[in-house]
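# Compute the structure for the input listed below.
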Amino acid sequence: MNENIVEIKNLSKQFGTISALDKVSIDIPSKSIFGILGPNGSGKSTLMRIVSGLIKKWDGEIQILDEIVKSSNTNYLSHLGFMIESPSFYEYLSAKENLKIFARLTNNTIAHIDYVLEQVNLIDRSNDKVKTYSYGMKQRLGLAQCLLHDPKILILDEPNNGLDPSGIREMSKIINSLHKSGKTICISTHILSEVETLCTNVAILKNGRMTSTVELNNEFFHNNSYIINSSNISDCKKILNNIKPMHIKQVDKNNIFIQSKDKNYPKEVKKILSEANIDFIITKESNLMYYFND
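Below you'll find the model as predicted:
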């Protein structure tokens, strides 16, 4: 089997005159946590819905587990577990009862219910009615639901959306545990810090187009990223060009994005810009901003 468990080539989707996706190509490595990053309206959810078979008509090519995806062929879906929207359950039933109903509706065994509830840290509350669950617990129950048939690939559309910090930590621990068990996990999000702490790879979407793909390896984290804001951006950029080693990119008319492996770099920049009488503000930034603003 190919090293990439999912291959997407020139994927496009139109909604009337709106181009939700424009020739997007992404390779998702097997056993990765792959982030689909972008602001609202960038095409993340459309991409997730297409891969999950919820949108039937699109242009391009998708290959999952070496199988070409077509609207007439849904065999590949047996390898996918997906949570596209906030899950809905029968509130007056317990978590276990809800999963039993879902298992019967989808012709899955009920034998794994306790196991998946254990995976999402709900086994101790499995007999409690869902109406007593917090929002974060319902999200985890939704994840348990998509694990029932032991899929190889999980498609999670903004799984941390609406969660408090404690709920985000809990969900991240579970996703990491599932990754260690050998699953490939694709997550959409608009939160840069979430990608940096959780993902192994990321594709960045903007206005329906893919701007970059990044492997979050040791080299990526060796960089330190900053944004310099100044009213005199032209002179500021000239001075920065003489400071090495670093990478420089102008983000907009008042900001410059810079990267350096030297942790002392901000002190040097502050000293030189101050001596040149240039007004500025320098702030630490996510390394992904270097790619996010392409």
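# Please count neighbours and contacts with C-alpha atoms only from this point.
Noted.
# can you give me the strands for the stretch 151-294 of the chain?
For the stretch 151-294 of the chain, the strands defined by DSSP state E, counting those that start in this stretch cover 153-157, 184-189, 201-206, 209-215, 224-229, 247-252, 255-260, 281-285.
# Looking at the ones you listed, which is nearest to Ser42?
strand 201-206 (4.8 Å; C-alpha to C-alpha).
# quick one, helices of the chain?
Per DSSP state H, the chain has helices spanning 44-51, 95-105, 113-119, 135-147, 165-180, 192-198, 218-222, 233-240, 265-275, 289-292. These are given in chain order.
# Pick the most deeply packed of those helices.
helix 135-147 (a mean of 23; mean count of other C-alpha atoms under 10 Å).
# if we look at that helix, which residues are touching it?
81-83, 86-88, 95, 99, 102, 116-117, 119-120, 122, 130, 154, 159, 163-164, 167, 171 (C-alpha atoms under 8 Å, 6 or more residues apart in numbering).
# gap between it and the chain center?
17 Å (C-alpha atoms, centre = their mean, to the nearest Å).
# about what we covered before: reformat the strands of the stretch 151-294 of the chain as a markdown table; add distance to Cys146 and mean neighbour count.
Shown next, in a markdown table, are the strands of the stretch 151-294 of the chain (distance: least, C-alpha to C-alpha, whole Å; neighbours: other C-alpha atoms under 10 Å):
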| stretch | distance to Cys146 | mean neighbour count |
| --- | --- | --- |
| strand 153-157 | 8 | 24 |
| strand 184-189 | 12 | 24 |
| strand 201-206 | 22 | 23 |
| strand 209-215 | 27 | 18 |
| strand 224-229 | 37 | 22 |
| strand 247-252 | 40 | 16 |
| strand 255-260 | 40 | 21 |
| strand 281-285 | 35 | 14 |
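# would a markdown table of those strands with distance to Val6 be doable?
Putting the strands of the stretch 151-294 of the chain into a markdown table (distance: least, C-alpha to C-alpha, whole Å) gives the following:
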| stretch | distance to Val6 |
| --- | --- |
| strand 153-157 | 9 |
| strand 184-189 | 10 |
| strand 201-206 | 13 |
| strand 209-215 | 14 |
| strand 224-229 | 31 |
| strand 247-252 | 32 |
| strand 255-260 | 31 |
| strand 281-285 | 31 |
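# Can you list the neighbours in contact with stretch 245-259?
Contacts for stretch 245-259 (C-alpha under 8 Å, 6+ apart): 223-233, 237, 240-241, 260-262, 287, 289-290, 293.
# what's the closest of the strands of the stretch 151-294 of the chain to Asn10?
strand 209-215 (10.1 Å).
# What strands line up against that closest one, and which way round?
Here strand 209-215 has these sheet partners by DSSP bridges: strand 201-206 (antiparallel).
# what is the nearest residue to Ser45 once chain neighbours are set aside paired to in the beta sheet?
Nearest non-adjacent residue to Ser45, counting by C-alpha to C-alpha, 6 or more residues apart in numbering: Asp157, 6.6 Å away. Note on Asp157: beta-bridge partners Ser188, judged by DSSP bridges.
# correct me, but Asp157 touches Gly81?
No. At 11.4 Å, Asp157 does not count as touching Gly81 under the criterion of C-alpha atoms under 8 Å.
# Tell me, please, where in the protein the pLDDT is lower than the cut-off.
1-2, 71-72, 292-294 (pLDDT under 70).
# how does it divide into domains?
4-216, 223-292 (automatic domain parsing).
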